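> Sequence and computational prediction follow.
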Protein chains: 2
Amino acid sequence: MATRTRRSQRRTEALSRERIVKAAVELLDASGESGLTFRVLTERLETGPGAIYWHVANKDELLAAATDAVVAGAVATGATGITGAGEPSQEPEDGIRDVALRLFDATEAHPWLAAQLATQLSRNPGGTVAPRILEGIGRHVRALGVPQDGWFTTASALMHYILGAAGQNVANTESARALGPEADRGDFLGTVSAAWKRLDPDDYPFTRAVAEQARTHDDREQFLAGVDLLLTGINAGHPRTA
Amino acid sequence: MATRTRRSQRRTEALSRERIVKAAVELLDASGESGLTFRVLTERLETGPGAIYWHVANKDELLAAATDAVVAGAVATGATGITGAGEPSQEPEDGIRDVALRLFDATEAHPWLAAQLATQLSRNPGGTVAPRILEGIGRHVRALGVPQDGWFTTASALMHYILGAAGQNVANTESARALGPEADRGDFLGTVSAAWKRLDPDDYPFTRAVAEQARTHDDREQFLAGVDLLLTGINAGHPRTA
DNA sequence: ACCTGAACACCGTTCAAGT
DNA sequence: ACCTGAACACCGTTCAAGT
């Protein structure tokens, strides 16, 4: 059974918090939150559970680290509207749409992210995730000409909308996936739409009236429409004269 | 040990899905998601796990039912703006603020709700939770004079914002509680604010600039300010002439 | 300082058996 | 139809022991 020189050439790199978090993200991407287990993490990293606990306090911290890593990557890509030279390069509105879409796309690429963001922000709002997002949005809020005493409220409103909407998008994508390999999101939205049309007309007139729109809507477009609603409201409060 | 007539008068009511869900909500309220266990549920209801599984498919379904029950209660109270007589009774803007606040308050009364809403909507968007919220908001969106082809987008934007913001509010309340029994949310916000002020000035200029506002802000006010931002944006799109 | 791996307490879920 | 409760597979976490 050659317990010896097997795989001697490709020496396993030393365990590190970084490697553990990376493996965690991969497991989460591959099979969701329930797929992240110390057992499979242990196999994947070819160690024992004790080794992992040396680098990471517990599973909650591991999930937080995974969330933070992904958010950091999402917000960082594209340098948040400030390009190398330092010129503004885009209108503040576009900057906000940009950050929003990056977070939106991140939740699409990592379906576990949305629920995890809610949990992380909720259990540990003093953590690193909120500042990352706030900062990504905030620079543009300032550029928008919002008076300083409205900065926090404005940036928070945008952040809350983004997180809420991104979560809902994952919902649709994931549920479509759950319908089967050959089903697409159209099939799934059709199912939801049909269910809504079957609701009690007395109790759910609006939802029924809107069922058709739910079936044909584009998530990305709808997401941006919501951002624009907020932008309009924000700009109405302090008309830019420049 | 008198196995007999003990508690014969207060005969245990028959088990039912309703009783199970009620007990689940109580456990969740008392000790969070980790406090809801088939073991303690079993003790509380004086049965075996098999009995519970007769009424409920699994833990996920139980969590979904608990979430739905709480949302139903929150949205129903106050009859969603339509009083007995049938008169409008309030401006549509106030109706929206009303529904929003009810959901906001519900997440405050049931700290597990926000994260659970994200999970439920995400795993099962065809469920009952989304229609309930949509309907509560939708009636007022219609009354606002939004053209029909904008109904879904508008109501969805409001729902997403509400869910995102409510989640963040829980965050602050819970974290304050975690600081200790005598700590209030002011103590907690102070801690977060201080942490933000310690961030790298180059990486986090906005978050640092906003740290003081974070310390003194009122969650409820900020929540409503966001709703109003959206309302302004919505009304700007289709000026009411009435 | 970092890692091993057996052991522990606890979890959701099943199922043959009862009434 | 509804309930019992022992049993199963699996989970996060600990810790004495190694290097």
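Noted; the coordinates are in hand.
> and the residue of chain A found nearest DNA strand D, what element?
Proximity of chain A to DNA strand D (Cβ to the nearest atom of the strand) peaks at residue A:50, 3.0 Å away. C-beta coordinates here come from the backbone N, C-alpha and C atoms, glycine included. Taking DSSP states H and E as the criterion, residue A:50 maps to helix A:49-55.
> Residue A:170 now?
Counting by DSSP H and E, residue A:170 is found in helix A:151-179.
> Next secondary structure after that helix?
Counting by DSSP H and E, the element after helix A:151-179 in chain order, helix or strand, is helix A:185-197.
> Give me the phi and psi angles of residue A:110.
Backbone torsions for residue A:110, taken as degrees, to the nearest 10, come to phi -130, psi 80.
> got a list of what it touches?
Residues in contact with residue A:110 (Cβ atoms under 8 Å, 6 or more residues apart in numbering or on different chains) are A:25, A:28, A:29, A:70.
> how does it look with 7 Å?
By Cβ atoms under 7 Å, 6 or more residues apart in numbering or on different chains, residue A:110 lies in contact with A:28, A:29, A:70.
> so the last one touches residue A:25, yeah?
Yes: in terms of Cβ atoms under 7 Å, residue A:70 counts as a neighbour of residue A:25; the distance is 6.4 Å.
> Buried ones in the helix holding residue A:170, by neighbour count?
A:151-176 (16 or more other Cβ atoms under 10 Å in any protein chain shown).
> just to revisit the earlier point, would you convert the contacts of residue A:110 into TSV that also reports distance to residue B:213?
Formatted as TSV, the contacts of residue A:110 follow (distance: Cβ to Cβ, whole Å):
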residue	distance to residue B:213
A:28	34
A:29	36
A:70	27
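> Mind putting those residues into JSON lines with secondary structure and distance to residue B:204?
As requested, those are exported to JSON lines (DSSP: H, G, I helix; E, B strand; the rest coil; distance: Cβ to Cβ, whole Å):
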{"residue": "A:28", "secondary structure": "helix", "distance to residue B:204": "27"}
{"residue": "A:29", "secondary structure": "helix", "distance to residue B:204": "28"}
{"residue": "A:70", "secondary structure": "helix", "distance to residue B:204": "19"}
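> out of residue A:70 and residue A:25, which sits in the busier spot?
Neighbours were counted for residue A:70 and for residue A:25 using other Cβ atoms under 10 Å in any protein chain shown; residue A:70 has more, 24 against 20.
> wait, what's in contact with the more buried one?
Counting by Cβ under 7 Å, 6+ apart, residue A:70 has contacts A:25, A:106, A:110, A:113.
> can you check residue A:207 too?
Here residue A:207 is in contact with A:196, A:199, B:131, B:134, B:135, B:138 (criterion: Cβ under 7 Å, 6+ apart).
> element containing the nearest residue to the first one once chain neighbours are set aside?
Put plainly, it is residue A:196. Excluding its sequence neighbours, the residue lying closest to residue A:196 (Cβ to Cβ, 6 or more residues apart in numbering or on different chains) is residue A:211, at 3.9 Å. Per DSSP H and E, residue A:211 falls inside helix A:205-216.
> Tell me the first helix or strand C-terminal of that helix.
helix A:219-237.
> Which neighbouring elements make contact with that next one?
Where contact means 3 or more Cβ pairs under 7 Å, 6 or more residues apart in numbering or on different chains; DSSP states H and E, helix A:219-237 is packed against helix A:92-109, helix A:151-179, helix B:151-179, helix B:219-237.
> contacts for it?
Helix A:219-237 has contacts (Cβ under 7 Å, 6+ apart) with A:93, A:96-97, A:100, A:104, A:144, A:146, A:154, A:157-158, A:161, A:165, A:169, A:172, B:153, B:156-157, B:160, B:229-230, B:232-234, B:236.
> buried residues in that helix?
Across helix A:219-237, burial judged by 16+ other Cβ under 10 Å covers A:219, A:222-235.
> Out of those residues, which is nearest to residue B:125?
Nearest to residue B:125 among the buried residues of helix A:219-237: residue A:219, at 11.3 Å, using Cβ to Cβ.
> if we can go back for a sec, format the contacts of residue A:110 as a markdown table; extra columns: pLDDT and distance to residue B:46.
Below are the contacts of residue A:110 laid out as a markdown table (pLDDT from 0 to 100; distance: Cβ to Cβ, whole Å):
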| residue | pLDDT | distance to residue B:46 |
| --- | --- | --- |
| A:28 | 96 | 39 |
| A:29 | 95 | 43 |
| A:70 | 96 | 45 |
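> and which of those is nearest chain B?
Chain B lies nearest to residue A:28 out of the contacts of residue A:110, by Cβ to the nearest Cβ, at 14.1 Å.
> what residues are up against the residue most central in space within chain A?
Nearest to the mean C-alpha position of chain A, by Cα atoms, centre = their mean, lies residue A:107 at 3.3 Å. Going by Cβ under 7 Å, 6+ apart, residue A:107 touches A:113, A:114, A:166, A:167, A:169, A:170.
> repeat for residue A:158
A:96, A:137, A:230.
> Would you mind giving the residues you listed as TSV with distance to residue B:127 and pLDDT added?
Listed next are the contacts of residue A:158 as TSV, based on distance: Cβ to Cβ, whole Å; pLDDT from 0 to 100:
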residue	distance to residue B:127	pLDDT
A:96	32	96
A:137	31	96
A:230	27	98
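> Same list, these, but as CSV with distance to residue B:57 please.
Below are the contacts of residue A:158 laid out as CSV (distance: Cβ to Cβ, whole Å):
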residue, distance to residue B:57
A:96, 43
A:137, 41
A:230, 39
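> ok so, going back, which pair in the contacts of residue A:107 has the greatest spatial separation?
Of all the pairs that these form, the one spanning the most space (Cβ to Cβ) is A:113 and A:169, at 10.9 Å.
> so is residue A:201 in a helix, a strand, or just coil?
Here residue A:201 is recorded as coil under DSSP: H, G, I helix; E, B strand; the rest coil.
> Apart from its chain neighbours, what residue comes closest to it?
The nearest residue in space to residue A:201 (Cβ to Cβ, 6+ apart) is residue A:208, at 6.3 Å.
> Would you agree the one you found is in contact with residue A:194?
No: taking contacts as Cβ under 7 Å, residue A:208 lies outside contact range of residue A:194: 11.1 Å.
> more neighbours, these two?
Higher neighbour count among residue A:208 and residue A:194: residue A:208, with 18 against 12, using other Cβ under 10 Å.
> got the contact list for the single nearest residue of chain A relative to DNA strand C?
Taking Cβ to the nearest atom of the strand, DNA strand C has its nearest neighbour within chain A at residue A:50, 1.9 Å off. By Cβ under 7 Å, 6+ apart, the contact list for residue A:50 is empty.
> From residue A:44, how far out is it?
16 Å (Cβ to Cβ, to the nearest Å).
> Can you mark which positions in the helix or strand encompassing residue A:62 are buried?
Secondary structure assignment for residue A:62, by DSSP H and E: helix A:59-76. Applying a neighbour-count criterion of 16+ other Cβ under 10 Å, one finds A:62, A:63, A:64, A:65, A:66, A:67, A:68, A:70, A:71, A:74, A:75 buried in helix A:59-76.
> pLDDT score for the closest residue to the last one other than its chain neighbours?
Right, residue A:75. Excluding the flanking residues, the one nearest residue A:75 by Cβ to Cβ, 6+ apart is residue A:136, at 4.4 Å. Looking at residue A:136, its pLDDT stands at 94.
> just residue A:36 next, same as before
The model's pLDDT for residue A:36 equals 97.
> Show the contacting residues for the closest residue to it other than its chain neighbours.
Of all residues not flanking residue A:36 in the chain, residue A:27 sits nearest, at 4.8 Å (Cβ to Cβ, 6+ apart). Residue A:27 sits next to A:35, A:36, A:40, A:41 when contact means Cβ under 7 Å, 6+ apart.
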